[in-house]
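Chemist: Here's a sequence, model it:
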Amino acid sequence: MSYLRILPRDNEKYLRARLIMSASPYRKGGHPNVGWRLFINLPISFILLLLASLGLAMVLLVIIQPNNLTQTAIVALILESRGLIFLYNWLPIVLAMLVLFFSTGRLVLTGGLTGFLFLIPAVINRFMIEMRHAPLRPLDLWLGMEFLGIAHSIRPAIYIAVALGLLLCIIVLALAIKFVKNQKPPLFLRIGGTVVSVAIFALLFVFVYGDVRRYEALPMSGSAFNTTHQYQSKGFVYSFIHAIHHSRIERPEHFDYFRLQVEAIDTQYIEAPPTGQLPHIVMVLSEAFSELGMSPYIDFEGFSDPMYHYRAIVRESISGHIVVPHIGGGTADTEFDILTGINARQFRGVPYAFTMVTRPFPGVVSVLNEAGYRSLAMHPGAGWFYNRQNVYPYLGFEAFLCDSTFDITNQRGGYISEEHTVDRILEEFRGHLDATDDVPLFLKAITIQNHGPYYGKYGDIELNFNTTADLTGAERRALAQYFYGMFDVDEGLRRLVDYFRLETAPVVLIYYSDHLPSFPLAIYEVLIPAPEDAVYGEALIRYNRVPFLIWANEAARPLLSTGSLIDDLPEDNTISAHYLGAALLEMLGISEPFFDFINELRGRYPVILDRTFFPPGEDMRIIDMEMHKDLMFFNSWAYFRITE
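Modeler: Numbering: from 1, shown residues only. Predicted structure coming up:
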């Protein structure tokens, strides 16, 4: 490749197809040259675009994407697919480059914009898989505002590093644009090339990238029911574009078959005991609460136990685990499951489940209201976060207390402290009892002090646990931060139980987690390994299993009917999250058609995933329309409640 000095207004020389090198820094006549610049003709431009697109596709597939798959495994999958995995990931890249090149006429600008367009989402996808164990989906882009709710807890050093990296890339791109020039295609070629490239992509998008059978036919490593494994095996670009076709609430294919039956019984009649026989209910979602401190690879010998009070309270409670929709995030989906009885996993085509709540929505709250309860929701964060300020009233809450009703200066680890949140819970509870004795209260609260990220969350603290696990220094320090916060969480739980234990009014406390803390997958692979004798399904859901407990004071115990729930719990005491709210109504003796049906399903299908379920004491099975019509009916009824 040779060089040409670019002269002002020297368009004839600038547009020459051949490349030459200037031998002198001066123009003819002694005028100074403007400097050395690389000039690339049109054929070479197209060759470079082709090579750049191939290289970018390989970087995305083999270097950025793999995570827990080795680069060798990725290449093996590409070869096994006869190159189709690479082809489906490369085509959008090369077509994007052609559209940008034909529309702008600038080679370097095309390469830079295409790199930003594909590399930034791919890096975000990798971090999401590492921290939340779920890939970047199209509708996750709606969560930009939700990110602001946790942005303050991310270390400034990370923002500085990202900003400097972006600035460096912009500077390099600007210099390249200044010193590297190319021959622009003729106008007719630019217009025609843009139109043809867009048309080809549109056809591929409709007829290739939306084809489910084509996508599922490609080889993969891991479970076909695991979206993360699909992305890792088939490539981010292909998987992301394929997911666009399914980013909506999918109408169950059997909905018309069940619709008339659903319409006939979906009348919210309530049968409930007199309000004098109904206890007060305090339901607390503890952010990222987990039993990591009870892992056989962790002990606190020589240290204080951050699970000390929890271990004791569990022994006097109905306790177990719920299988939640996500790992390391997605609080609103767990809330949705419990408060509506609907399994959010069945409706993955929305950014988060609360987006389906756009009008008064039947669920646990509305049923309790009909039974005579006063309902109150509390969250010490912004009301717009996950749109709770609108969703909670639609669900039936009469009042919602968000961050503006808390003392925002009372923080630990970047969030409203556990102590202050518990203070506010007890304050509202006592205020209700002082105002009225004969109206039961349903108080739902969320505590958020121990929200991630955990690296440096509580400042410089010493290691506070022992471990036999093979963890890096950074991983040990992150766990120490998490356990440091768990001391406050454990103390908050103790305060609630001690207060309600002395209360003469009947009180039921439901305490549960939304998801595991947002640690890299490597930590969980060490601390929650699949048992050697584990069946396939157990290994698949072990990162979605979080604790719950139901505790009642002495005055409330005679008012609860707990036998059915205890009998239905499988040997490992694990149920899907959407059963928890329905079980509460059952224990209270409150009957409503939809929740009665859910409680009937619990004994036969304790855990229901996207397209699979777990029978009691058995391994995972695929849902079959003919064999499991009750599950098909459940999905149709849920869809009816969401859309009708």
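
Chemist: surely Glu586 meets Asn599?
Modeler: Yes: in this structure Glu586 lies within contact range of Asn599 using C-beta atoms under 8 Å: 5.0 Å. C-beta coordinates here come from the backbone N, C-alpha and C atoms, glycine included.

Chemist: In terms of neighbours, single out the busier of the two.
Modeler: Looking at Glu586 and Asn599 with other C-beta atoms under 10 Å, you find the greater number of neighbours at Glu586, namely 23 against 20.

Chemist: what's near enough to touch the more buried one?
Modeler: Shown in contact with Glu586 (C-beta atoms under 8 Å, 6 or more residues apart in numbering): 561, 564-565, 595-596, 599.

Chemist: so it sits in a helix?
Modeler: Yes: counting by DSSP: H, G, I helix; E, B strand; the rest coil, Glu586 falls inside a helix.

Chemist: Please tell me how far it sits from Leu109.
Modeler: Taking C-beta to C-beta, to the nearest Å as the measure, Glu586 falls 63 Å from Leu109.

Chemist: what's the answer for Leu292, then?
Modeler: Leu292 sits 48 Å away from Leu109, going by C-beta to C-beta.

Chemist: Mutual contacts of Glu586 and Asn599, please.
Modeler: Residues touching both Glu586 and Asn599 (C-beta under 8 Å, 6+ apart): Ser564.

Chemist: among the contacts of Glu586, which ones are buried?
Modeler: Buried by 16 or more other C-beta atoms under 10 Å: 565, 595, 599, out of the contacts of Glu586.

Chemist: Redo these as JSON lines? Include distance to Glu491.
Modeler: Shown next, in JSON lines, are the buried ones among the contacts of Glu586 (distance: C-beta to C-beta, whole Å):
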{"residue": "Leu565", "distance to Glu491": "28"}
{"residue": "Phe595", "distance to Glu491": "34"}
{"residue": "Asn599", "distance to Glu491": "34"}
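
Chemist: Restricted to helices, list these.
Modeler: Judged by DSSP state H, the subset of the buried ones among the contacts of Glu586 located in helices is 565, 595, 599.

Chemist: and which of these is nearest Arg190?
Modeler: Nearest to Arg190 among those is Phe595, at 61.7 Å by C-beta to C-beta.

Chemist: so that closest one touches Leu585, yeah?
Modeler: Yes: the criterion here is C-beta under 8 Å, and Phe595 meets it with Leu585 at 5.1 Å.

Chemist: Now the common contact residues for these two.
Modeler: Common neighbours of Phe595 and Leu585 (criterion: C-beta under 8 Å, 6+ apart): 364, 367.

Chemist: So which residues of the stretch 151-300 of the chain form helices?
Modeler: Ranges of helices in the stretch 151-300 of the chain, per DSSP state H, counting those that start in this stretch, are 156-179, 187-207, 212-217, 227-234, 236-244, 255-265.

Chemist: so can I have JSON lines of these showing mean pLDDT?
Modeler: As requested, the helices of the stretch 151-300 of the chain are exported to JSON lines (pLDDT from 0 to 100):
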{"stretch": "helix 156-179", "mean pLDDT": "81"}
{"stretch": "helix 187-207", "mean pLDDT": "93"}
{"stretch": "helix 212-217", "mean pLDDT": "88"}
{"stretch": "helix 227-234", "mean pLDDT": "86"}
{"stretch": "helix 236-244", "mean pLDDT": "91"}
{"stretch": "helix 255-265", "mean pLDDT": "87"}
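
Chemist: among these, which is nearest Ile528?
Modeler: For the helices of the stretch 151-300 of the chain, proximity to Ile528 was assessed by C-beta to C-beta; helix 227-234 is nearest, at 16.1 Å.

Chemist: what's in contact with that closest one?
Modeler: So helix 227-234 is contacted by 65-69, 74, 77, 85, 88, 125, 129, 133-135, 137, 215, 218-224, 239-240, 348 (C-beta under 8 Å, 6+ apart).

Chemist: Okay, and which of those residues map to strands?
Modeler: Judged by DSSP state E, those include no members of strands.

Chemist: what sits opposite the nearest residue to Ile541 once chain neighbours are set aside in the beta ladder?
Modeler: Leaving aside its chain neighbours, Ile541 sits nearest to Val323 (5.5 Å; criterion: C-beta to C-beta, 6 or more residues apart in numbering). Beta bridges link Val323 to Arg545, Ser576 when assigned by DSSP bridges.

Chemist: My understanding was that Val323 contacts Asn573; is that so?
Modeler: No: look at Val323 against Asn573 with C-beta under 8 Å: they stay out of range, at 11.5 Å.

Chemist: if you count what's nearby, which of these two comes out ahead?
Modeler: Legend: neighbour count by other C-beta under 10 Å for Val323 and Asn573, higher for Val323 (23 against 15).

Chemist: quick one: pLDDT of the more buried one?
Modeler: Listed pLDDT for Val323 reads 95.

Chemist: Then Val62?
Modeler: For Val62, pLDDT reads 88.

Chemist: how much space between Trp637 and Thr409?
Modeler: With the distance defined as C-beta to C-beta, Trp637 ends up 47 Å from Thr409.

Chemist: Name the residue in those two with the higher neighbour count.
Modeler: Neighbours were counted for Trp637 and for Thr409 using other C-beta under 10 Å; Trp637 has more, 25 against 7.

Chemist: Name the helix or strand for the more buried one, please.
Modeler: Using DSSP states H and E, Trp637 sits in helix 629-643.

Chemist: which parts of that helix are buried?
Modeler: Residues of helix 629-643 classed as buried by neighbour count (16+ other C-beta under 10 Å): 631-642.

Chemist: Identify the structural domains in the protein and state their residue ranges.
Modeler: 1-38, 41-244, 279-643 (automatic domain parsing).

Chemist: Now do the longest one: distance to the chain's middle.
Modeler: Just to be clear, that refers to domain 279-643. 16 Å (C-alpha atoms, centre = their mean, to the nearest Å).

Chemist: Could you export the contacts of Glu586 as CSV, including pLDDT and distance to Asp610?
Modeler: Below are the contacts of Glu586 laid out as CSV (pLDDT from 0 to 100; distance: C-beta to C-beta, whole Å):
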residue, pLDDT, distance to Asp610
Ser561, 93, 32
Ser564, 88, 27
Leu565, 89, 25
Phe595, 96, 22
Asp596, 95, 25
Asn599, 95, 22
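
Chemist: Out of these, flag the one nearest to Glu419.
Modeler: Within these, the smallest distance to Glu419 is 31.7 Å, found for Leu565 (C-beta to C-beta).

Chemist: Skipping its backbone neighbours, what lies nearest the closest one in space?
Modeler: Nearest one to Leu565, counting by C-beta to C-beta, 6+ apart, is Ala583 at 4.9 Å.

Chemist: okay, the helices of the stretch 151-300 of the chain in TSV with mean neighbour count and distance to Gly383 next?
Modeler: Shown next, in TSV, are the helices of the stretch 151-300 of the chain (neighbours: other C-beta atoms under 10 Å; distance: least, C-beta to C-beta, whole Å):
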stretch	mean neighbour count	distance to Gly383
helix 156-179	12	25
helix 187-207	14	38
helix 212-217	12	39
helix 227-234	23	30
helix 236-244	23	30
helix 255-265	13	33
